[in-house]
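Q: Quick one: sequence plus predicted model below, questions after.
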Amino acid sequence: MPIQSNLIDTSFFPGFRYTVLVYVSRSLIVSLALILLAGPLLAADLPILVCYGDSITAGHGLESGQSFPDALQRDLDRRGYHYKVNNQGVSGATTKDAVADLHSILLLHPAVVIVEFGGNDGLRGLPLSATRRNLDEVLTALENAHIKILLAGITLPPNYGQEYIQQFELVFRDLAQKHHTAFVPMIYKDLIHVPGTIQPDGIHPTAKGSEIIAKTLLPVLEPLLRKGQ
């Protein structure tokens, strides 16, 4: 006995066939739109890791995608850390600027902040007491907001004098100890003897240097992060 199908032969109902095709087409369009929207929505839900600093963070003299925050994003992605790295570096910024712009950082509600300031204070010969006070204020505000912190230190060229350089570096060490923050004493420590890592100005990292900086920060940063968020 032949089995009767419940499917309708749309060849006898041209109008019905058109309706089915339109319905299917619309369904495919909606599905595609949802897929395309899923990426931005998922990115919006990722915890934020802010790189807060001066021209070293901003990627001065580099093309888009070559700063150390960009390199850090790629490294985190490869290691399965689901964070959105937000580059809040401003060329020429001092620790005074860090305090002034702090409110905008807090409004981002970051999970982690890498603080990289002080180089411009030292190069301009600003009072170390002011640098210490400003960084202390930044770290205190982030702590009070329950944000995890990595403090990145820097040094100065030899012509600034050994005594001044030692006192300058001590500012970062003292504050890291006071606030119990994750700490990289010298952000350039792994690139200073590697050719092609510093731009002709003798100050800013190249794209290659940025990659190295990201890898320098990562081992100290990883304990602050969570996988599978």
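A: That came through fine.
Q: so where do the helices sit in the protein?
A: For the chain, the helices defined by DSSP state H occupy 14-45, 55-58, 68-78, 95-100, 102-106, 119-123, 128-144, 162-179, 207-221.
Q: Deepest in the core, which of these is it.
A: Burial of the helices of the chain is given as mean neighbour count (mean count of other Cβ atoms under 10 Å); helix 55-58 ranks first at a mean of 24. For glycine as for every other residue, the C-beta is placed from the backbone atoms N, C-alpha and C.
Q: helices or strands up against that helix?
A: Secondary-structure packing of helix 55-58 (3 or more Cβ pairs under 8 Å, 6 or more residues apart in numbering; DSSP states H and E): helix 68-78, strand 84-89, strand 112-116.
Q: returning to that earlier point: could you dump the helices of the chain to TSV with distance to residue 152?
A: Below are the helices of the chain laid out as TSV (distance: least, Cβ to Cβ, whole Å):
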stretch	distance to residue 152
helix 14-45	25
helix 55-58	8
helix 68-78	10
helix 95-100	12
helix 102-106	15
helix 119-123	10
helix 128-144	11
helix 162-179	8
helix 207-221	7
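Q: Nearest the middle, which residue of the chain would you pick?
A: A centroid search over the chain (Cα atoms, centre = their mean) returns residue 85, at 3.0 Å, as the residue closest to the centre.
Q: Could you verify my assumption that it touches residue 74?
A: No: here residue 85 does not reach residue 74: they are 9.2 Å apart, not a contact under Cβ atoms under 8 Å.
Q: so what's the residue nearest to the centre of the chain up against?
A: 49, 50, 51, 69, 70, 72, 73, 76 (Cβ atoms under 8 Å, 6 or more residues apart in numbering).
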